[in-house]
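Sequence first, predicted model second:
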Number of protein chains: 2
Amino acid sequence: MESKSPTEKKIVQTALKLFNESGIEYVGMRELATALEMRVGNLTYYFPTKDDLVNRLSLDLAEENSKTIVTLGQVTMKAFFSMLQQVFRNHHKYRCLMLSFVHIMQQNPIIAKRYGKIQTSRNETWSKNIQGLREGKFISADTVEVDFLVSTIALIARFWISEANLSYKNLSEEQQQQHYTRMIARIFLPYATAKGKRDLMPLLVL
Amino acid sequence: MESKSPTEKKIVQTALKLFNESGIEYVGMRELATALEMRVGNLTYYFPTKDDLVNRLSLDLAEENSKTIVTLGQVTMKAFFSMLQQVFRNHHKYRCLMLSFVHIMQQNPIIAKRYGKIQTSRNETWSKNIQGLREGKFISADTVEVDFLVSTIALIARFWISEANLSYKNLSEEQQQQHYTRMIARIFLPYATAKGKRDLMPLLVL
DNA sequence: TGGATATTTGGACAATGACCTAATTAACGA
DNA sequence: TCGTTAATTAGGTCATTGTCCAAATATCCA
């Protein structure tokens, strides 16, 4: 009974497409219904409110991120940045959410509550992995420095899409991701050992 | 004739207050009019559209930032960070704008156009000042590293209020600003000379 | 004072998200 | 195959939103 019906899937899929193209706030339920060739009332049959629809998208993103952001067994610089880049790709796939992040959090208490809970555990995972980098002699950093790295990464990861949307609209998606990957790599660089630097260098070339 | 009337000033002032409290999107023209003890139509006499009102606020912020972000004659670490902190205060004063940044840019072409123009010159000013820090032997950084510092500062400056609103809502305004000042100080730290480190240290203590 | 201009009023308008009911169609198990 | 449930349509109402406008009022200068 909890399996998602084809119609439901199609709604979510089309909503994500339109929301990504025009922004969540600028796509009305009527417009979405038209794109789906169905009546508005049918939309509300699956998703009583627009918030419920946004909530679903947010759940989907959270799920994909949960698969991505894991405590790595063998933390290497490469594995770490490959994880980071997958997060970037997830964010791009659900960019409508990232662009309306603050707005959504202010308005949608369900998402806000879930986000608050998840965020602490996410930061712990990042922290563990960065400590893994230290244990693997890729970086050398004390506790305070690890915390700094975590909170800086968190900030960039949350808002890179927003800034790219403001300042680097002309760049391709890949170039944007590269720019912010480089930014994070540069933040790591001063803490990197010789071994760590070797792995960071390829990320830094222009 | 271009001098702002008392009524106009009061509208701007009250709008900023309400927008900051509840968010631009959640304060209607009717609500604003009620708070001002006037009719909605009278609001539109001064500001035909809500966008025009937001645009005015945006102009005011831009003006205050223009006074703040200047090419320093004698760049010291202290002067640089004192400038940064004034920018933070400006952003906090107009935090409703910072929180709806992306939203506004997508919707308000007038603001978007102006912002695009201003941003390049702002980044140049930051760049010059950071180069000044280098010339004053506070830091040691090549061109690429200076560019990295500029773009990282730009990102943090744009979005610190948004992140604080998500993750550090329980902290006071001052504590929030301190957190992000520290973050930027830590980004500078690896490039700081002994002299530079001496000035950064006070910013880093918890 | 009289006439032009500036300001204020109150209501109308279209679009939006949400909600509702009745009727129709599709799907599926007994 | 019949009956029940799920899905969909069609139509409408409702409150709220930003916007717009014509008429009324206030202000000020010649």
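Done, it's in.

Please report how far the residue nearest to A:D199 when sequence neighbours are not counted lies from DNA strand D.
Nearest non-adjacent residue to A:D199, counting by C-beta to C-beta, 6 or more residues apart in numbering or on different chains: A:M77, 3.5 Å away. The C-beta positions use only the backbone N, C-alpha and C, and glycine is treated the same way. Distance of A:M77 to DNA strand D, given as C-beta to the nearest atom of the strand, to the nearest Å: 48 Å.

How about A:Y46?
Distance, A:Y46 to DNA strand D, by C-beta to the nearest atom of the strand: 7 Å.

give me every residue that touches that residue.
A:5, A:7-8, A:11 (C-beta atoms under 8 Å, 6 or more residues apart in numbering or on different chains).

same thing but at 6 Å, please
Residues near A:Y46 by C-beta atoms under 6 Å, 6 or more residues apart in numbering or on different chains: A:8, A:11.

how about the helices of chain A, start to end?
Taking DSSP state H, the helices of chain A run over residues A:6-22, A:29-35, A:40-46, A:50-68, A:77-93, A:95-99, A:101-107, A:109-135, A:143-167, A:173-188, A:194-204.

between the ones you listed, which gets nearest to B:T71?
Comparison of the helices of chain A against B:T71 by C-beta to C-beta identifies helix A:143-167 as nearest, at 21.2 Å.

Quick check: which helices or strands does the closest one pack against?
Judged by 3 or more C-beta pairs under 6 Å, 6 or more residues apart in numbering or on different chains; DSSP states H and E, the packing partners of helix A:143-167 are helix A:95-99, helix A:109-135, helix A:173-188, helix B:143-167.

What's the per-residue pLDDT of the residue of chain A found nearest DNA strand C here?
Nearest residue of chain A to DNA strand C (C-beta to the nearest atom of the strand) works out as A:G28 at 2.8 Å. We note a pLDDT of 88 for A:G28 in this prediction.

which residues does it contact?
Taking C-beta under 6 Å, 6+ apart, one finds nothing in contact with A:G28.

With adjacent residues omitted, what lies nearest to the residue most central in space within chain A?
Chain A has A:H91 as the residue nearest its centroid, 3.3 Å off, counting by C-alpha atoms, centre = their mean. In this structure, A:H91 finds its nearest non-sequential neighbour in A:M98, 5.2 Å apart by C-beta to C-beta, 6+ apart.

residues near A:K9, how many?
Counted with other C-beta atoms under 10 Å in any protein chain shown, residues neighbouring A:K9 total 11.

State the distance from it to DNA strand D.
According to C-beta to the nearest atom of the strand, A:K9 and DNA strand D sit 11 Å apart.

gap between the residue of chain A found nearest chain B and B:F188?
Scanning chain A for the residue nearest chain B gives A:P190, at 3.2 Å (criterion: C-beta to the nearest C-beta). To B:F188, A:P190 is 10 Å away according to C-beta to C-beta, to the nearest Å.

the more surrounded of those two?
More crowded of A:P190 and B:F188, by other C-beta under 10 Å: B:F188, with 24 against 16.

got the contact list for that one?
By C-beta under 6 Å, 6+ apart, the contact list for B:F188 is empty.

need the residues of chain A near DNA strand C, please.
When proximity is defined as C-beta under 7 Å from any atom of the strand, chain A approaches DNA strand C at A:27-31, A:40-41, A:44, A:48-51.

Counting neighbours, which of those residues end up buried?
Buried members of the residues of chain A next to DNA strand C, scored by 16 or more other C-beta atoms under 10 Å in any protein chain shown, are A:27, A:29, A:50-51.

Next, give me the two most distant ones among those.
Longest span within these, C-beta to C-beta: A:V27 and A:D51, 13.6 Å.

How about the residues of chain A by chain B?
Counting by C-beta under 6 Å from any C-beta of the partner chain, the positions of chain A adjacent to chain B are A:23, A:99, A:102, A:105-106, A:148, A:155, A:159, A:162-163, A:166, A:186, A:190.

if you skip the residues just before and after it, what's nearest to A:Y115?
Of all residues not flanking A:Y115 in the chain, A:M105 sits nearest, at 6.6 Å (C-beta to C-beta, 6+ apart).

Look up how far A:P48 lies from that neighbour.
In terms of C-beta to C-beta, A:M105 sits 21 Å off from A:P48.

just checking: which of the residues of chain A next to DNA strand C also lie near DNA strand D?
Among those, proximity to DNA strand D is found for A:40-41 (C-beta under 7 Å from any atom of the strand).

could you dump the residues of chain A next to DNA strand C to a markdown table with distance to A:I110?
Below are these laid out as a markdown table (distance: C-beta to C-beta, whole Å):
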| residue | distance to A:I110 |
| --- | --- |
| A:V27 | 20 |
| A:G28 | 21 |
| A:M29 | 18 |
| A:R30 | 24 |
| A:E31 | 24 |
| A:V40 | 22 |
| A:G41 | 23 |
| A:T44 | 17 |
| A:P48 | 13 |
| A:T49 | 11 |
| A:K50 | 13 |
| A:D51 | 8 |
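
With respect to B:R198, which of the residues of chain A next to DNA strand C is nearest?
A:D51 (51.9 Å).

and the residue lying closest to the closest one once chain neighbours are set aside, what are its phi and psi?
In this structure, A:D51 finds its nearest non-sequential neighbour in A:N108, 5.2 Å apart by C-beta to C-beta, 6+ apart. Backbone geometry at A:N108, expressed as degrees, to the nearest 10, gives phi -110, psi 90.

and A:N108, how many neighbours does it have?
Number of residues near A:N108 (other C-beta under 10 Å) recorded here: 20.

The residue nearest to A:V12 when sequence neighbours are not counted and A:F19: what is the separation?
In space, and not counting its chain neighbours, A:V12 is closest to A:R56: 5.9 Å by C-beta to C-beta, 6+ apart. Separation of A:R56 from A:F19 (C-beta to C-beta): 11 Å.
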